[in-house]
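My questions are about this predicted structure, shown below with the sequence.
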Amino acid sequence: MIQIGKILKQVPIFRMLGKDSINFIVERLKFKTFNADETICKIGDPGDEMYIIISGKVKICIYGEDGKTEQVVATLTSGDYFGEMALLTGETRSASVIAVEPSETFVLHKNDFDVILERFPSISLSMGKIVSQRLRETLKKASQLPAKGEKIEAAQSGPAGHLKDVPLVDLISFCESNSLTGSMTITNDGQEGKFEFESGQLQSVVLGDKRDDQALDEMLNWPDGYFQIKVRPLTLKKVQDETEEKSEQPKRILIVNNSLVVRKVVERAFRGLGYAVQTAQNIGESMKIMEKEKPDIIISDIKLPDGSGLDFLGKVREQADVAFIFITDNGIRPDFDEKLKEAGRAELTKSHEVSEIVKLVENMI
């Protein structure tokens, strides 16, 4: 199941962030739709947004000298993202992006990205690493780390050396570019930090009781330290884990709202994220659906044609302990807060933003 938090963790600049940090970013995403053949951004536009595709398909295009001959250099679908380099460099768009079919996206604007950058300085270092790495690729140069033999010991278990000779950012880049499955430890003044990699993907960063971005931020400020990279033998465990993940049944969501537009927008967003979704326009339809299959979460309006949201919650809870999310605004919240606390496993949204609903759902799953 594709979830927005997992998608963000795939973006290199966010890969080292923990769950709380990812949630902080999710809160700043905006929901935006595009029609088929609609231009999302074009060459020369300001690079002030990155996009995460919820559903649909887009094409990345460049054009010949005549400005008309189109060349499609990539096609992206649900779970893919683009525009992150624009946030990093501030440069204008180097390609045009056009929706091939109706598409929904989450958008992160540069203003929000700057807030994130200020709160999580480790992203700044990741940015520098990615930009320099892409520059090296452009110049057709592979990572030069192994060639710096005078600065790296030939330890039996793997490369080793000192941070004063090889910056930590370059070490992480080396492990990623060489598809490392194993660990990298760094010791300094009695402290030991540990990086875990799986096929070049950074899985975790630990320093004492600190994890991920906090641990990384502290180690990036170390003037020196001894590092050692250890390669772990390949096993079938990863293949087994992937098989188990693929066989996992998607979480079920029931969307209940009298508005067809609201139902469709929320339904498409969650289907694009891999959830199994059903919809109903009132309590009666919902209870019939529940006779066949119990949802994991119900997303409901507070006022329904045949009763209130609290009436609906009461009827459902007589059958099963299903989590609820009520779509509302601050004007109605005081009337519901106390009763929802008594009911348990029920939340109110602060707005009608789909990104907020997604965040609440993922926190409940």
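Thanks, I have it.

what sits against residue 346?
Residue 346 makes contacts with 313, 323-326, 340, as judged by C-beta atoms under 8 Å, 6 or more residues apart in numbering. Glycine gets a C-beta too; all of them are placed from N, C-alpha and C.

pLDDT below threshold where in the stretch 1-150 of the chain?
1-3, 12-13, 15-16, 65, 88-90, 121-150 (pLDDT under 70).

end to end, how far does stretch 62-73 reach?
End-to-end distance for stretch 62-73, by C-alpha to C-alpha, to the nearest Å: 7 Å.

typo on my end, stretch 319-327
By C-alpha to C-alpha, the extent of stretch 319-327 from end to end equals 22 Å.

Run through who's touching it.
So stretch 319-327 is in contact with 257, 262, 290, 294-302, 309, 313, 316, 336, 340, 343, 345-349, 352, 357, 360-361, 364, going by C-beta under 8 Å, 6+ apart.

Got phi/psi on residue 191?
Main-chain torsions, residue 191, degrees, to the nearest 10: phi -100, psi 150.

Residue 293 too?
phi -160, psi 130.

excluding its backbone neighbours, what's nearest it?
Leaving aside its chain neighbours, residue 293 sits nearest to residue 252 (6.7 Å; criterion: C-beta to C-beta, 6 or more residues apart in numbering).

Touching, that neighbour and residue 278? I think so.
Yes: judged on C-beta atoms under 8 Å, residue 252 makes contact with residue 278 at a distance of 7.4 Å.

any residues in contact with both of those two?
With C-beta under 8 Å, 6+ apart, residue 252 and residue 278 have common neighbours 293, 295.

Looks to me like residue 288 is in a helix.
Yes: assessed with DSSP: H, G, I helix; E, B strand; the rest coil, residue 288 lies in a helix.

and the gap between it and residue 307?
Distance of residue 288 to residue 307, given as C-beta to C-beta, to the nearest Å: 15 Å.

cool, residue 74 as well?
For residue 74, the distance to residue 307 equals 49 Å [C-beta to C-beta].

again with residue 162
69 Å.

repeat for residue 275
25 Å.

picking up where we left off before, which of residue 288 and residue 307 has more neighbours?
Between residue 288 and residue 307, residue 307 has the larger neighbour count (other C-beta atoms under 10 Å), namely 14 against 10.

I'd like to know the beta-bridge partner residues of that one.
residue 304 (DSSP bridges).

same question, residue 299
Legend: beta-bridge partners of residue 299 under DSSP bridges are residue 255, residue 325.

quick one: contacts for it?
Residue 299 sits in contact with 253-257, 266, 324-325, 327, 357, 361, where contact means C-beta under 8 Å, 6+ apart.

again, but for residue 337
Contact analysis of residue 337 by C-beta under 8 Å, 6+ apart lists residue 348.

Okay, buried residues for the one helix or strand it maps to please.
Here residue 337 sits within helix 333-343, counting by DSSP states H and E. Burial within helix 333-343, assessed by neighbour count using 16 or more other C-beta atoms under 10 Å, is assigned to 336, 340.

Each with direction, which strands does the helix or strand harbouring residue 62 pair with?
For residue 62, the element it lies in under DSSP H and E is strand 49-63. Its sheet considered, strand 49-63 pairs with strand 70-77 (antiparallel), strand 81-82 (antiparallel), strand 96-109 (antiparallel) by DSSP bridges.

Which of the contacts of residue 346 sits closest to residue 63?
Taking C-beta to C-beta as the measure, residue 63 sits nearest to residue 325 out of those, at 44.4 Å.

Would you mind measuring from that closest one to residue 85?
35 Å.

of the two, who's got more company?
residue 325 (21 against 18).

how far away is the more buried one from residue 298?
7 Å.

residue ranges for the strands of the stretch 201-350 of the chain, please.
For the stretch 201-350 of the chain, the strands defined by DSSP state E, counting those that start in this stretch cover 201-207, 210-211, 226-231, 252-256, 276-280, 297-301, 303-304, 307-308, 323-327, 346-348.

now for those, which one comes closest to residue 34?
Ranking the strands of the stretch 201-350 of the chain by proximity to residue 34 (C-beta to C-beta) places strand 276-280 first, at 20.7 Å.

could you pull out the helices for this protein?
4-10, 19-26, 84-89, 110-119, 122-138, 168-177, 212-220, 237-247, 260-272, 283-292, 309-317, 333-343, 354-364 (DSSP state H).

any low-confidence regions in the stretch 201-350 of the chain?
In the stretch 201-350 of the chain, residues with pLDDT under 70: 232-248, 261, 329-335.

List the residues that contact residue 317.
By C-beta under 8 Å, 6+ apart, the neighbours of residue 317 are residue 343.

Quick one: neighbours of the closest residue to residue 295 other than its chain neighbours, just the number.
Leaving aside its chain neighbours, residue 295 sits nearest to residue 254 (4.0 Å; criterion: C-beta to C-beta, 6+ apart). Residue neighbour count, defined by other C-beta under 10 Å, stands at 24 for residue 254.
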